[in-house]
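*Asks:* What shape does this take:
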Amino acid sequence: MHKTVLSSLAGLSLAACGSMTSAPMASAPVDNMSLPPEIRVPAGVRQTLHTVGRGEITYECRAKAGASGVYEWVFVSPMATLYDRQGKVVGKYYGGPTWEAQDGSKVTGKQVAVAPAGAGHIPLQLVQAEPSMGMGLLQGTAYIQRLNTRGGVAPAPACTADQQGQRRQVPYQADYVFYAR
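*Replies:* Prediction:
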């Protein structure tokens, strides 16, 4: 009987581990025609990579510009780990904005457009890439989309004068889809 119980527990343990992943899997390819027009990539580019980013966005409580005695949570920087469709870590995302692959290739860019994502979620985004650095996974990237966002908005409690300078990290998740010409 002891052997049967141990065997059953081992089976349950393996089943539980098998259902865990380091990140939800991203779907591909992206149907750009189903996206808001402002964040669609231009014709002539091809999708090269679809990742899921999971991490935190840091906000800081600061005095609101031009409004004496008013304080607000201000975006400081993101930090996320990027996973491929199989749940393997392929890189990271951080302020800049910068996406850096495990192979050392990296790309920065500038925001072109945003579209609402729904209450409680940071907006969808289209970024035009600067020339990538290094040879590898991100080489030749022309555009990056941020899709399927979850969380990441400024903290719900209002910030006040006595909280000025305090920072808070808010968890978020988003798909980052890369395109090349």
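*Asks:* The chain: strands as residue ranges?
*Replies:* Taking DSSP state E as the criterion, the chain contains strands spanning 46-63, 71-83, 89-94, 98-101, 106-115, 124-129, 141-151, 167-180.
*Asks:* Hmm, V30 is touching Q47, no?
*Replies:* Yes: here V30 reaches Q47: they are 6.2 Å apart, a contact under Cβ atoms under 8 Å. Where you see a C-beta, it was placed from the backbone N, CA and C, and this is true even at glycine.
*Asks:* out of the two, which sits in the busier spot?
*Replies:* Set V30 next to Q47 and count neighbours by other Cβ atoms under 10 Å: V30 wins out with 19 against 16.
*Asks:* Contacts only, for N32.
*Replies:* The contact partners of N32, taken as Cβ atoms under 8 Å, 6 or more residues apart in numbering, are R40, V41.
*Asks:* Now list whatever residues contact both of V30 and Q47.
*Replies:* Here V30 and Q47 have V177 as joint contacts, going by Cβ under 8 Å, 6+ apart.
*Asks:* How about the contacts made by the nearest residue to A80 once chain neighbours are set aside?
*Replies:* Distances taken as Cβ to Cβ, 6 or more residues apart in numbering place G55 nearest to A80, at 2.9 Å, with adjacent residues excluded. The contact partners of G55, by Cβ under 8 Å, 6+ apart, come to P78, M79, A80, T81, Y93, P171, Y172, Q173.
*Asks:* which intervals of the protein have sub-threshold pLDDT?
*Replies:* 1-28 (pLDDT under 70).
*Asks:* Only the buried subset of the contacts of G55, as a PyMOL command please.
*Replies:* Burial among those is assessed by 16 or more other Cβ atoms under 10 Å; the matching PyMOL selection reads:
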select buried, resi 78+80+81+93+172+173
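*Asks:* Greatest separation within the contacts of G55: which pair is it?
*Replies:* Distance extremes for these: the farthest pair is Y93 and P171 at 14.0 Å, using Cβ to Cβ.
*Asks:* Please tell me I have it right and E72 contacts R62.
*Replies:* Yes: using Cβ under 8 Å, E72 and R62 qualify as a contacting pair, with a distance of 6.6 Å.
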